[in-house]
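Visitor: how would this look folded up:
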Amino acid sequence: MNGSKGEGGERGPGETILYVDDDGGSTYTSIQDAVDDAGPHTTIVVNPGSYGSVEIRDKSDLTIEGNGSSYEDVIIAAGFSTNPSFAISRSTNITVTGVTVSLSLSSYAFYVSRSDNVSIIRVECGNLNSALGIFNRVAYVEHHGGELNLHSR
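Guide: Model prediction:
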């Protein structure tokens with residue numbers, strides 16, 4: 001993975017790219033701070049390291065992309081918290097790719113509520129009770145060759 005290119009090649013015009021590095025080599029040292037500052041059409045490029053849990057609420061067109069040579073290089077863990085590693089609510093077009101999600105006392109690595117088109121691509125889930133929880137009246141999961149697309153209304 002590369003900070004200037006994504007899976008589909010060059011980034012689109014008007015897209016914002018935010019960089020995260022837990023060693024302090026970027027504007028952000030936590031994924032959560034970058035998510036909080038992200039507007040629509042933002043890609044958050046996460047350099048190798050270990051990061052805390054992430055809450056995505058009321059966001060659209062947001063990608064969180066590991067920037068390591070392997071998904072094992074970027075670890076997102078809630079630690080010994082009862083919170084999920086990723087909580088996604090009231091959001092649309094969210095992508096998480098190229099990371100490892102681990103170590104949560106919560107029931108879920110990903111907790112998705114009232115969100116549409118949440119894609120989980122090349123994500124390793126380990127040391128967890130459950131990998132995925134989708135909540136609301138209508139929910140379905142599409143699986144396309146290693147990619148999960150989640151819809152919850």
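Visitor: which SSE is immediately downstream of the helix or strand harbouring V101?
Guide: With elements taken from DSSP states H and E, the one containing V101 is strand 92-102. The helix or strand immediately downstream of strand 92-102 is strand 110-113, counting by DSSP H and E.
Visitor: give me the buried positions along the first helix or strand past that following strand going along the chain.
Guide: Next helix or strand after strand 110-113 toward the C-terminus (DSSP H and E): strand 116-126. Residues D116, V118, S119, I120, I121, R122, V123, C125 are the ones in strand 116-126 that count as buried (16 or more other C-beta atoms under 10 Å). (Each C-beta comes from the backbone N, C-alpha and C, glycine too.)
Visitor: out of those residues, which is nearest to E15?
Guide: Nearest to E15 among the buried residues of strand 116-126 is S119, at 16.3 Å by C-beta to C-beta.
Visitor: please name the nearest non-neighbouring residue to that closest one.
Guide: T95 (4.4 Å; C-beta to C-beta, 6 or more residues apart in numbering).
Visitor: from V74, how far off is H41?
Guide: Counting by C-beta to C-beta, to the nearest Å, the separation of H41 from V74 is 22 Å.
Visitor: neighbour-wise, which of those two wins?
Guide: Set H41 next to V74 and count neighbours by other C-beta atoms under 10 Å: V74 wins out with 28 against 17.
Visitor: nearest residue to the more buried one in space, please, no chain neighbours.
Guide: G66 (3.6 Å).
Visitor: same deal with T97?
Guide: Leaving aside its sequence neighbours, T97 sits nearest to I121 (C-beta to C-beta, 6+ apart; 4.1 Å).
Visitor: what sits opposite that neighbour in the beta ladder?
Guide: I121 forms beta bridges with T97, E147, as assigned by DSSP bridges.
Visitor: ditto for the one 5 residues further on
Guide: For G126, the beta-bridge assignment (DSSP bridges) gives partners S102.
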